[in-house]
Structure formats: C-alpha cells, structure tokens
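Student: what's the 3D shape of this:
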Amino acid sequence: MDIQILLAQVEATDAFGELAPPMQIAILLGALSFATAALVSLTAFTRIIIVLSFVRRALSTTEIPPNQVMLGLSFFLTLFVMAPTLEAINTRGVQPYLAAQQSEGTTPEFGVTELVTVSTEEIRRFMTVHTRGNDLQLFVDLANLPETTVAEETPLKVLIPAFIISELKTAFIMGFCIYIPFLLIDLVISTILMSLGMMMMPPVIVSTPCKLLLFVLVDGWQLISKALVSSFVI
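Tutor: Predicted coordinates:
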C-alpha cells in the first residue's frame, strides 16, 4: 500500500521530528479527525448508533436519552464488540512495536510500517466478515477489479464503502423490527381514542407512557444491547 511506503520513508528519515512545532500540532489534530472518521466507518459504531436512534424514535422520546448518553453508550458498546480485534492488534502489533522501540539495536525490526500493516489486517478481517457479498461485489464491479479478486485481497477503497452500506442495511432492518411493536401500540391507542370520540387529543400523549411502560417491563435496554452485540457474533 502507498501509505505503508510513505510511513516507512517518514520513519527512516524522522521527518516528523524535524517539523516545526505548529506543523506537528496541525498533523496531530488532523490525525484525531481521521480517528473519528475511522471510528464511524471501520467499526461497529454505525450500526449501534442507528439502532439506538430507532429505539428513541419508536418510544416517541426525541430528546430522551440525551445525545451525549446515546453516543456514550454506542461508543462503549463499540469497544465491547471490537474487543477481540483490538486485543489482536495489541498482541500482534502494539506490543511487538513497543518491544522493538525498547531494544538496544539501532534499527528496530518492528516499526510503524509493520504496526500499520497488522492493524489493517485485523480491521480488514472484521469488515470482511460483516460485509454482505452482494455489497462487496457492487463496489468490485464499480472499481473494475478482476472477477477473481477474493475478499482478503480487496482494496480498502472498495471494502470500506461496501462495509458501510452493509452496516446501514443491517441497522435499518433491526430498526424496522424494533419499530413494529411500538407502531402497533400507536394504532391501538388511536383506535381507542377515536372510538371514545376524543379525536382532538393527540394519540402520542397517551401512547408514549404506554410504550415507556412496556419498554421498562420487558427490560428493553438489556434486550437491545443483547441483540446488538449478538448481531456481531459469528
């Protein structure tokens, strides 16, 4: 990969250390922005946050839980789901890199390039497992890649968008399944209010407490968390 060659050149010349401090800060800030994009695009975060948003919409509580709580829950559920991948990156990449940096040799055998390669392999393995074949084939065709291309050899520029649309489809399917029971409650409440002649009363005023009561009685947050984590288990 070109990025690996670039990292090898930077590591060999120590180009980052020779930059002025303002340039180093700008590069670090740019790296943080990329890390945010990677969290959304390369992990389980997209599916989790969309499903939780569907839950909040289905309950008719547009601001409860607050966005900060939803993002926090999504982030830590993502860490829980990605734990095997992160552990593999730590075992195969981070620890050998730290050991090589502490060695007395002048040229470490395991550098930044190898660390990036290992991390890319583990992330690629996770995305490949959770990407639908037809979505991957779509971007393979759009990129005019050979038909014999296997998933393990698919470029990241093809695998990442295929993974994202697969996650969006899965999240919307799960959101639809969550929405149906609460929609039935809305229909029942609307029918009851109309039969009582209370057509001027908004059904959401009555249905929202009923949906909240049902959600609490069935321990909804536990069920949602279990369903989200189980959807990533192969």
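Student: The longest helix seen in the chain: what's the following helix or strand?
Tutor: Longest helix in the chain by number of residues (criterion: DSSP state H): helix 156-195. Next helix or strand after helix 156-195 toward the C-terminus (DSSP states H and E): helix 203-217.
Student: so what does the longest helix of the chain touch, helix or strand wise?
Tutor: For helix 156-195, the elements it packs on are helix 21-41, helix 45-58, helix 112-129, helix 133-142, helix 203-217, helix 220-230, judged by 3 or more C-beta pairs under 8 Å, 6 or more residues apart in numbering; DSSP states H and E. Any C-beta I mention is one placed from the backbone N, CA and C, and that applies to glycine too.
Student: That helix to helix 133-142, inter-axis angle?
Tutor: Using axes from the mean of the first three to the mean of the last three C-alpha atoms, to 10 degrees, the inter-axis angle of helix 156-195 relative to helix 133-142 is 130 degrees.
Student: Any idea how far helix 156-195 is from the middle of the chain?
Tutor: Offset of helix 156-195 from its chain centre (C-alpha atoms, centre = their mean, to the nearest Å): 18 Å.
Student: Equivalent analysis for stretch 116-123, please.
Tutor: That offset, for stretch 116-123, works out to 17 Å (C-alpha atoms, centre = their mean).
Student: Next: stretch 120-137.
Tutor: On C-alpha atoms, centre = their mean, the centre of stretch 120-137 falls 13 Å from that of its chain.
Student: What's the mean pLDDT across that stretch?
Tutor: Summarised as a single mean, pLDDT over stretch 120-137 is 84.
Student: Not counting it itself, show me its contacts.
Tutor: Stretch 120-137 has contacts (C-beta atoms under 8 Å, 6 or more residues apart in numbering) with 1, 42-44, 82, 85, 88-89, 92-93, 151-152, 154, 156, 158-160, 162-163, 165-167, 169, 232, 234.
Student: Quick one: end-to-end length of that stretch, please.
Tutor: End-to-end distance for stretch 120-137, by C-alpha to C-alpha, to the nearest Å: 21 Å.
Student: Would you mark the buried spots in that stretch?
Tutor: If you call a residue buried by 16 or more other C-beta atoms under 10 Å, then stretch 120-137 has these buried ones: 120, 122, 123, 124, 126, 127, 128, 130, 131, 135, 136.
Student: what's the closest of those to residue 220?
Tutor: Nearest to residue 220 out of the buried residues of stretch 120-137 is residue 130 (C-beta to C-beta; 24.5 Å).
Student: And that closest one, its phi and psi?
Tutor: Dihedral pair for residue 130: phi -110, psi 20, per degrees, to the nearest 10.
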